[in-house]
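>>> Sharing a model prediction with you, sequence too.
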Amino acid sequence: MIRNKLFITTFTAIFFLVSCNAQPEQVTARVFGGAAQSIEGFQRADGPQTLIFPDDFGPHPEYLTEWWYYTGNLQTDSGRPFGYQLTFFRRALAPPDETTERVSDWASDQIYFAHFAISDIDADQHYSFERFTRGAAGLAGAQAEPYEVWLDEWRVEQIGEDHYSLFATQDGISIDLTFTDEKGPVLQGIEGYSQKGPEAGNASYYYSQTRLVSSGTIEIDGEVHEVAGLSWKDHEYSTSVLSDGLVGWDWFSIQLSDGSDLMVYQLRYADGRIGEFSSGTLIAPDGSTTPLSIDDFELEVNDTWLSPHSEAEYPSAWTLSIPSVNLTLNVTPRMADQEMLVSFIYWEGAISVNGNYNGLEVTGNGYVELTGYAGSLEGEF
Amino acid sequence: MSSQPAKTQLFLPPTLVNVGWRYLLRHGWQTLLMILGITLGVAVVVSVDMANASASRAFDLSTETVAGRTTHQIVGGPTGLDEAVYTDLRRSGLLDATAPVIATYVSSPQLGDAPLELLGLDPFAEAPFRSYLGADGAIPIDQLTAFYTQPGALLLSLDLSERYGLDLGDEIDLSISGQTQTAFVAGLLDPEDELSKRALNGLLIADVSTAQELTGKLGTLDRIDLILPDGVEDQLLSELDTFLPDGALVLPVGARTGTVEQMTSAFRTNLTALSLLALVVGLFLIYNTMTFSVVQRRPMFGTLRSLGVTRREVFLMVQTEALAIGVIGAGLGVGLGIALGQGAVRLVSQTINDLFFILTVEGVAIPTDSLIKGALLGVVATVIAAAFPAWEAASVPPRAALTRSSIEQKASRAVLWAALAGLMLIASGTVALFYPTNNLILSFGATFFITIGFALLTPITTSVLMRMIAYLTGGIWGALGRMAPREVVNSISRTSVAVAALMIAVSVTIGVGLMVGSFRFTVVTWMEQILTGDVYISVPGTGVSEPTKRIDPEAVTIMENWPGVQHADLLRAVAVDSPDGPINIAANNNPSDGEEQLYFAATGTPKEVWDAVKAGAVVISEPLANRLNFTLEDESISLFTDTGPREFEVAAIYYDYSSTQGTVIMWLDNYRQIWNDESITAVALRLEPGQDVDAVTQELSAALTPIQELLVQPNLALRTQTLEVFDRTFAITSALQLLTMTVAFVGVLSAMLSLQLEKQRQLGILKAIGLTARQLWSLILLETGLMGSVAGLLAWPTGYGLAIILIYIINRRSFGWTLQLQLVPEPFIQALIVAVFAALLAGLYPAYRISRRVAADAIRFD
């Protein structure tokens, strides 16, 4: 998904993680080769390509950026709800064929970083964390078979066919899940080729695992909660996606009570216009997909929320309608403050939906990502 | 006099201040000499303190910069720490803050060939530890791509780059363990605060990957820095203990630096003691001159007292003079001290680099507390030294002048008391010295007692000697010959102080001279004994303090098979950790090393000792035994090995002068087996008889150069080099000795001047009754010459005593070395010549002055 482009910006903005216990001491520096990175030499997503699994679960260093994105809505037996996000990003510093041969195991031109968040909805608490490291010396990386993506002890790994475990922890907040993929990989766009702009190559390869039946524990400050629910995975890689004038996007992933799943995103221009390459996919309970173009769906904002942290104003309630399949949904954040206070600020949070699908009442949960509200992404990509 | 009695408690009436002031101005020479004495004394103290403070701050700064907020470190054995330990630790999530570090000393021709610390770090792990990679300062990633991805990319400080005219992208050659590696300037760091700036000037920063490649430490780290939060520290330590593989060790960050600090502190205490001695000599001078000025003014004090000036006011008056002189002298002394300090800083840093560890931080700002300390010491010491003369002045009864003879009568009684006190000081100092302790302050305190004790014996010895010598000089020079010694005795209250000051200065020269000479002799003898190889090969380093650089195995093979080589003794020198901090190991395969070492204590014959070593025992050096308070009854020492701590039986303690830290010798095969480390640090080649050592050296050097830049030296060159380091080490000592001598010289000069000037009238009478100018010259020079001779002669036993103390007590307690006393006549003869020469020189001006004067004037003026 394009959404993740923003983290590339993150990266441009901050190299060294600003850790809470670091004493800020001013050091100015001049560096060699300080020009912004070029996309020259990287492969471009410039047309449909057959994705092959499990190979394509792994990393694609010939592309500039890549991410593995996990979100989910979980609850305890007693119904106490939690949301979570665990995302691993890869960023190449140089194209593979320009890389100098190095003998140290630590030498790498791949940077990994990751975001981890827990929404404790009843307590109205949102925790977010960020880490960076190199994709070398076993500190971070990804592999196709058996599938694994990790950064330090944060990891998602395959533990059996269609079975995975997920673990992350920091500062007394932990998540430890196992999940089963019920639908298998769902190809987004045209057979996994997701066009984001009119120019050739402004696109990504993108597949999802939309219904991961999850169970495990969430620990908050020593209190352990047994939880179960549904997770969603996105994996996307590309070299360049954003067209001129775009400032951000709104992205939705929704798992409905009838077994259908839905992904839509819209790209926003500064003047509020919606980009024409906004699109989505409706995934039936059997895994079959219906691609959605900008003309197929409509997003109406019903409310806004003003962040006390960034002072950004985010939309906070929507009506999503897809007339062609007779679907109307009210989308509501499960708690207002799910702003990610990491090196680049955005809103990523658990939502719940209710509405009408083909004349039947449906409910569901999902995740929404809102970018470009606490600072534009324009010119970054 | 004063209508406000309360005021007189603190301040002198201006009239009295004026009286004192006029006196000081009228006797400009005396005043100047007093000021000069203080100035020199304070300057020496300030410069030494500056050098010490700057060395220790440089050390703190370099360790602090490198350690950052680290609380603990995981270290490995001699071959480093497997890098997988770090990955496993990160992936375990056991700790929040961990950072890999590679640290090594390098130098570069483009960076002035000075030692620099190359730090290999992981920028992503750095934020909690060190801030020079920018925490809030934020270096954008796409700008750091070069640092991160290009081989040889280094960050250095803007200051350093400007000093050597380097700019971004410029190539620099790094000399690392005898190999030259090419690197380039990938970034320039410019921290805002001055301390970080200075610290960064000694550092080159690279990514871990780059540092591994440059140093060849592939697959390993030098250490992992940790921050263990307070409170959970113990729990985390025990968790780490089970988590880490055998051979990986968690140490608190101070554990390693503490030992080094402790070792240099002995060196620094020695310097301070020596510098204080210069001040003490300066104090004798103050005391002497003040006493003289008081005696000279007795009639005036009598008059003042009869005019109603109180005792207190007279006391204050003299003390105010002393204070003024003290303040001026101390002020000038601080200034001169700063100038001398620059040189001292260099000498001290050099010695520390040679003997202890590499200081990469240079030119630390002038430590203001050293200056304040020195100035205060100077002023307070002056006032204290003047207290007795001031009391003396205050005790003048309120009527005109007391005759000198009564003072001298009083003085001759004092001579006995002084001698008694002197004997008691010597006795108590000796007792204190025999008290078994490693406390240097106590040892030096006792030494001072003994020295002052000898000084207090000066008056009585001078009197006795003068009376005895009168017969001799009388026989040679007749009446003048009898007169000169008597004159010395007659004014014993002042002559003896001058003689004592000179004696102390000269005895220090003898003591230190004998000590350094014995030390050098011991080292030379020792080298002859242990340097039995013909050609020595090692890796050029940045100092003896880093002996762990490796010789390329291919080079070792070439040496072993070189034509004419009978045996190649291989040495692996490396520091391993122990419960008592890092300990140097010298593992070798020299089959006869056992017979070549000199044993301080052994469990058997040299052959038995060496057989035990081959079987797994070790021998340890005397400084190490001293440092650990180890005796052979303790049987074994503990070292951390790759499989955890292990006890090693100690077969003997050997003499060693190569390191103050101390060394453990073990059999190379045993070392290799235990630490799994095949590296070689140095090789000694024994050639077959008849081989040309120089030719082998040259040919071998040429053959090895393509593989590694190695230092191939014949036995003789190595000895010369060792002695060069030795002499460099004592450069600061010699400098201090010279300064102390200068202070003493000024003291003698001032004492003689005062004495002779005071006797103008008497000499005038002598002139009037027919003494020729030539005879006057003879009389004065004979008198001063006699005083110089007495000082020189008295310095012999004192200097010898000092040498014994320095050699057998101070040195052992400071550095753990036993030196063989080498008694040579040179320092004694030199001391006598210097003393006589100084005294004669001091007599020249008064003699010149009096001989030019018309007798009548001399008598009239008083």
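Thanks, I have the structure now.
>>> how about the strands of the stretch 451-600 of chain B, start to end?
B:535-538, B:565-576, B:583-588, B:599-602 (DSSP state E, counting those that start in this stretch).
>>> my bad, the stretch 1-150 of chain B
Under DSSP E, counting those that start in this stretch, the stretch 1-150 of chain B gives strands at B:72-75, B:81-82, B:98-106, B:116-121.
>>> and residue B:51, how many neighbours?
29 (other Cβ atoms under 10 Å in any protein chain shown). From N, CA and C alone the C-beta is placed, and that goes for glycine too.
>>> That one against residue B:342, yeah?
No: using Cβ atoms under 8 Å, residue B:51 is not in contact with residue B:342, being 9.1 Å away.
>>> so which of the strands of the stretch 451-600 of chain B gets nearest residue B:645?
Among those, strand B:565-576 comes nearest to residue B:645, with 10.8 Å by Cβ to Cβ.
>>> So which elements touch the closest one?
Here strand B:565-576 touches helix B:553-560, strand B:583-588, strand B:636-641, helix B:668-675, strand B:682-687, going by 3 or more Cβ pairs under 8 Å, 6 or more residues apart in numbering or on different chains; DSSP states H and E.
>>> Mean pLDDT added to these, as TSV?
Listed next are these as TSV, based on pLDDT from 0 to 100:
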stretch	mean pLDDT
helix B:553-560	89
strand B:583-588	87
strand B:636-641	88
helix B:668-675	90
strand B:682-687	87
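>>> out of the ones you listed, deepest packed?
strand B:583-588 (a mean of 23; mean count of other Cβ atoms under 10 Å in any protein chain shown).
>>> Parallel or antiparallel, list what pairs with that one.
Partners of strand B:583-588 in the sheet, by DSSP bridges, are strand B:565-576 (antiparallel), strand B:663-667 (parallel).
>>> now the strands for the stretch 51-200 of chain A?
A:65-75, A:81-92, A:110-120, A:125-134, A:140-143, A:148-151, A:154-160, A:163-170, A:173-181, A:186-187, A:193-195.
>>> what angle separates the longest one from strand A:125-134?
So the one you mean is strand A:81-92. Put simply, strand A:81-92 runs at 20 degrees to strand A:125-134, going by axes from the mean of the first three to the mean of the last three Cα atoms, to 10 degrees.
>>> quick one: average pLDDT of strand A:81-92?
If you average the pLDDT over strand A:81-92, you get 95.
>>> Packing partners of that strand?
helix A:5-13, strand A:65-75, strand A:110-120, strand A:140-143, strand A:148-151, strand A:154-160, strand A:223-238, strand A:346-357.
>>> Tabulate the ones you listed (JSON lines), appending distance to chain B and mean pLDDT.
Formatted as JSON lines, these follow (distance: least, Cβ to the nearest Cβ, whole Å; pLDDT from 0 to 100):
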{"stretch": "helix A:5-13", "distance to chain B": "5", "mean pLDDT": "36"}
{"stretch": "strand A:65-75", "distance to chain B": "13", "mean pLDDT": "96"}
{"stretch": "strand A:110-120", "distance to chain B": "7", "mean pLDDT": "95"}
{"stretch": "strand A:140-143", "distance to chain B": "9", "mean pLDDT": "96"}
{"stretch": "strand A:148-151", "distance to chain B": "7", "mean pLDDT": "97"}
{"stretch": "strand A:154-160", "distance to chain B": "8", "mean pLDDT": "96"}
{"stretch": "strand A:223-238", "distance to chain B": "17", "mean pLDDT": "96"}
{"stretch": "strand A:346-357", "distance to chain B": "19", "mean pLDDT": "96"}
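>>> can you put these in CSV and add distance to residue A:252 and mean neighbour count?
Below are the helices and strands packed on strand A:81-92 laid out as CSV (distance: least, Cβ to Cβ, whole Å; neighbours: other Cβ atoms under 10 Å in any protein chain shown):
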stretch, distance to residue A:252, mean neighbour count
helix A:5-13, 16, 21
strand A:65-75, 11, 25
strand A:110-120, 16, 25
strand A:140-143, 26, 22
strand A:148-151, 23, 24
strand A:154-160, 22, 17
strand A:223-238, 11, 21
strand A:346-357, 8, 22
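>>> Using a markdown table, lay out those together with distance to residue A:197.
Output for the helices and strands packed on strand A:81-92, formatted as a markdown table (distance: least, Cβ to Cβ, whole Å):
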| stretch | distance to residue A:197 |
| --- | --- |
| helix A:5-13 | 11 |
| strand A:65-75 | 15 |
| strand A:110-120 | 25 |
| strand A:140-143 | 26 |
| strand A:148-151 | 27 |
| strand A:154-160 | 30 |
| strand A:223-238 | 11 |
| strand A:346-357 | 20 |
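>>> By mean pLDDT, which helix or strand of chain A comes out lowest?
helix A:5-13 (a mean of 36; mean pLDDT, DSSP states H and E).
>>> hey, what's the residue lying closest to residue B:674 once chain neighbours are set aside bridged with?
Spatial nearest neighbour of residue B:674, excluding adjacent residues (Cβ to Cβ, 6 or more residues apart in numbering or on different chains): residue B:641 at 5.1 Å. According to DSSP bridges, the partner residues bridging residue B:641 are residue B:644.
>>> ok, now how distant is residue B:570 from residue A:39?
Distance, residue B:570 to residue A:39, using Cβ to Cβ, to the nearest Å: 55 Å.
>>> And the two? Which one has more around it.
Per other Cβ under 10 Å, whichever of residue B:570 and residue A:39 has more neighbours is residue B:570, with 20 against 17.
>>> tell me the average confidence for stretch A:277-287?
93.
>>> residues in contact with it?
A:183-184, A:186, A:188-189, A:194-198, A:210, A:243, A:249, A:252, A:258-267, A:289-294, A:296-297, A:322, A:325, A:327 (Cβ atoms under 8 Å, 6 or more residues apart in numbering or on different chains).
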